[in-house]
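Visitor: structure of the sequence below:
(3 chains)
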Amino acid sequence: MTDYIFGGRREGEVPRTHEGRNPRDVSHLASQRLGVPVAWWGIAMLVASEATLMFTFIGTYYYLRSKTPVWPPVGDPEPHVVVPLILAGVLATTSLPMQLASMAARAGRLVATRRLIVLALIVQCGYISYEMWDYQHELQTTTPSHDAYESIYYVLLGADHGHVWIGILLNVWLLAKLGRGLTMYRLNATIAVTWYWHFVNLLTLFVIGTLTSATLL
Amino acid sequence: MATVELPARERVERLEQMWQGKPGILGWLTTTDHKKIGLLYFWTTLVFFAAGGAEALTMRTQLAHANNNVVGPATYDELFTMHGVTMIFFFIIPMTTGAFGNYLIPLLIGARDMAFPRMNALSYWIFLTSGLFLYIGFATGNGPNGAWFGFTPLTERAFSPTRAEDFYTLALIFNGISSSLGSANFIVTMFKLRAPGMSFNRMPTFCYAFLAASFGLLFALPVLTADCIYLYLDRIVGTHFFDPAHGGSVLLWQHLFWIFGHPEVYILIVPAFGIATSIIPAMTQRKLVAYPLVAIAELLVVFIGFGVWAHHMYTTGLPTIQVVFFGAATAMVVIPSSIQVFSWCMSMVTGRARFKTPLLFIAGFIWMFVNGGLTGIMFVSIPFDQQVHDTYFVIAHFHYIIFGAAVFPIFGGMYYWFPKVTGKLYLERPGQISFWLIFVGTNLLFFPMYIVGLLGMPRQIYTYPGNMGWTAYNLAETIGGFLTAFGILVCVGNLLVSYLRGLPSGPDPWLGPTLEWATSSPPPEYNFAVIPTVTSAYPNWDPEDREEDVRKLADGVMVLEEGHEQPVVTTADGNFSEVIEMPHSSPWPPTLGLCLGLVFTFLVLEKFFVAGIFGALCLLSLVGWHAKEPQEA
Amino acid sequence: MTRLRKLSLLQWFGLFAAAGIWLAQHGIGQGMAEARCSAAGGGISNDAVQIVLMIVAGVVILAAEAASVVVFRATSDASYHSPPPVGRMRMIAIATMSTNLIFLVIILLDGIASILDVACRNS
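Guide: Sure thing, here's the model as predicted:
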């Protein structure tokens, strides 16, 4: 029979990754694939789109600021600095357990994967709980319809919180899936959700940095 | 390697059974087959094309004579707004990307489907529901009327108190989700699902064009979404993004709109460039001149196009030290387009051109595109731009580009791929007649607009006085419009009759160079019985590789019939990475499309709690969607 | 790192560096020009900002061009039809050698026009 080689490999050398239905097989098959999985590119596309949206909001903030001699305008409270920056930093640290969860899943260590995601989720839920309280507390002082500064403040911050919420829902869904075992699909999902969280954590730093710049700069 | 020893015919039968969709209407509703989705897009966009065309002909009838009263000013405002929004968002983008892109890209790269088949279906259902959403607004007297670019403060609630502009903002956000999902799907498909061995230097130029358009959509649409969110919030919640009295900026709308809007117009024409670069090698039996430069030019024209937006704002009083950036980029963005025009012309001149209907439309496209492009370069000059801004000169320019550079290749592509999609040959003589009717009609329709624009006729006016010297030109344009419409009817009629009575085409009537011609017409649901061997950018012109495919089928190699299997490769070099399982029929895409439609419906009705309930249902639909993994299906 | 891997990195640098630096120069340059002439403007001279942007962008683009030329010359035994990775690298190098010059011209036009122009005059 002819020795067929495609893209540098024979068909028999290439993993049929959909056959990975337990941690050992998943780990073995994942180690044989080249490059990043399709799911990685999928989440990269989502991140590109959402990053553009959020950086449009950030750009709007600076654009409106460039048109306004005093910022925040007179009558608007200056944003808090210390607590938001610390909390953004705390949220950013959840990238570590998420990345470790991703690596554990690739190595077929399902229990470790679940525990690390739970750890990240606890911190993320703590973060968003405080932020929800703070957001509604601020709304009792000023509203988005007060002026353009408040409009962009609440939209930018609210959009960031929305992305954190989506990440939390993804983590809950992922834990539910991983509760039934590890398949290649669930490994890919773990990798994708991890990258989503790296994006959200970095984004939150930019957003809080932008909003607190009104006080700092 | 196949684990079961089966003769080739039995392997093919196994593939047929594995990939067969559900029968009847249910099959179409739950399909995830890129070809069926492409056809759904095709017919739906034709309906929107007819709607946009009817709006155009009504306007032309109104403008045929001075002081006419076919429609009043309010209706006229709705007509030009709906015409622009319909043609851009509901005809050209979904026709090029949704219909042509969906149907052809997996075939061109030797794949069995798109990377995310269910998301592909979702793109279609969202497109359909967003179009219905917009037109329900139109039908209920809430048609948007602030022009397709919706400038503030006209579109703020103070000056547009009805729901019309709410429909506008929400429809654009809604439709944008469809295109964003589609573009993500195209990029991942072209990066990861090419046949092993198809490296970047062996990828068809059609794919480079669609990569460019997809990246353009991916990065441009969120900017429009942000702009529309601001306008929606200004109108509904009372925010002040565009209100200078409270620290906002009217020009913020324009900046953001054109940061989206200019890449958008390149996104309209670049897929059509891809169609042209597919037709020319086949019809001239010659490899494309300067393939590497054409490939990068397609990407570059969209990329530089992100930096020219303020050339739409030369009359807004921006400082010249800012505006120079846009003049420089606008001047240089011509170069990638010119590289492509050079390549097309040289390929035709140095090849053995067969001027069948598809190549006629491409020749017409080149004429129209160069014409419109030359007037585009004229806009680089700020003083000239300020003189002709908001006149019919601008309308002439962009219709030469959009009709000429987007719609002509669409017609050419319809004729070119008609045999592949239907398995029949179209009738050549009526095809050529349809081309000449459309070509003469569009030039008669749009060329006088240059003249009447230079004579001072503003755009978006519902009538004009009789003593301006514009009347004869407008009458000529109206005649041209109806001639064009007649030509389009001849084209559509020809394709319909050919579908019913055309001769069988066989798999490859054109001796085409790309992989879609290496499979049957129409292609089977799984596209290729074996994943094709690829060793060049013109794989169907490599007979040794096609013979190897026959041997592979006999030996059971790369048939991948143990499920809905698809190879995955590394991005740049097409090295064989893994074999994955693809999802098949699913009810979740139309379900989610419907739920999302209801979210937007209740948003426009300002019933936010109910909209939230349907939003939660959307999330539940997503959970249901992912409940069953592809390997469990 | 193997020779092919180094060439590949140079090839990607040649593709993305010029495009990326133009995007940055364009966004920052026109944004700072508008801010300079807005209500909250003032501060650093626009000429100084634009000269720095032009020089930095110009250097990066020339480096990208040099990288493309290096890859083109190192793959002279092959053609852009050749199998990957060499064929792919050569094709992209051919493309970027030509098109990086477009970015160079744009940033030179931007910088020179900004300096020669009168600040904050309406267009």
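
Visitor: mind showing which ranges of chain B have poor pLDDT?
Guide: For chain B, the stretches flagged by pLDDT under 70 are B:1-5, B:633.

Visitor: the nearest residue to A:Trp173 once chain neighbours are set aside: how many residues sit nearby?
Guide: Leaving aside its sequence neighbours, A:Trp173 sits nearest to B:Val623 (CB to CB, 6 or more residues apart in numbering or on different chains; 6.6 Å). No exception for glycine: its C-beta is placed from N, CA and C like everyone else's. Applying the criterion other CB atoms under 10 Å in any protein chain shown, we find 12 residues in the vicinity of B:Val623.

Visitor: can you verify B:Val623 is assigned to a helix?
Guide: Yes - under DSSP: H, G, I helix; E, B strand; the rest coil, B:Val623 falls within a helix.

Visitor: I'd assumed A:Val172 was in contact with it.
Guide: No - counting by CB atoms under 8 Å, B:Val623 does not reach A:Val172; the two are 10.1 Å apart.

Visitor: ok, now which ones touch residue 65?
Guide: You didn't say which chain, so I picked chain A. A:71, A:214, C:40 (CB atoms under 8 Å, 6 or more residues apart in numbering or on different chains).

Visitor: hmm, no, I was thinking of chain C.
Guide: C:14, C:18, C:96-97, C:100-101, C:104.

Visitor: ok, now with 7 Å
Guide: Applying CB atoms under 7 Å, 6 or more residues apart in numbering or on different chains, one finds that C:Glu65 lies in contact with C:97, C:100-101.

Visitor: out of those residues, which is nearest to B:Arg14?
Guide: C:Met97 (49.1 Å; CB to CB).

Visitor: state the distance from B:Lys420 to chain C.
Guide: 26 Å (CB to the nearest CB, to the nearest Å).

Visitor: number of nearby residues for that residue?
Guide: By other CB under 10 Å, 23 other residues sit near B:Lys420.

Visitor: can you tell me the helix or strand for it?
Guide: helix B:408-422 (DSSP states H and E).

Visitor: and residue 143, what does it touch?
Guide: Because you didn't say which chain, this covers chain A. A:Glu150.

Visitor: sorry, I should have been clearer: chain B.
Guide: B:78, B:81-82, B:137, B:164.

Visitor: filter these down to the ones in helices?
Guide: When DSSP state H is applied, the contacts of B:Gly143 are split such that B:78, B:81-82, B:137, B:164 fall in helices.

Visitor: which of those sits closest to A:Val111?
Guide: B:Gly137 (53.5 Å).

Visitor: is that closest one in contact with B:Glu165, as I believe?
Guide: No - using CB atoms under 7 Å, B:Gly137 is not in contact with B:Glu165; the gap is 9.9 Å.

Visitor: please state the offset of whichever strand or helix holds A:Leu29 from the chain centre?
Guide: Secondary-structure assignment from DSSP H and E places A:Leu29 in helix A:23-32. On the basis of CA atoms, centre = their mean, to the nearest Å, helix A:23-32 sits 26 Å off its chain's mean C-alpha point.
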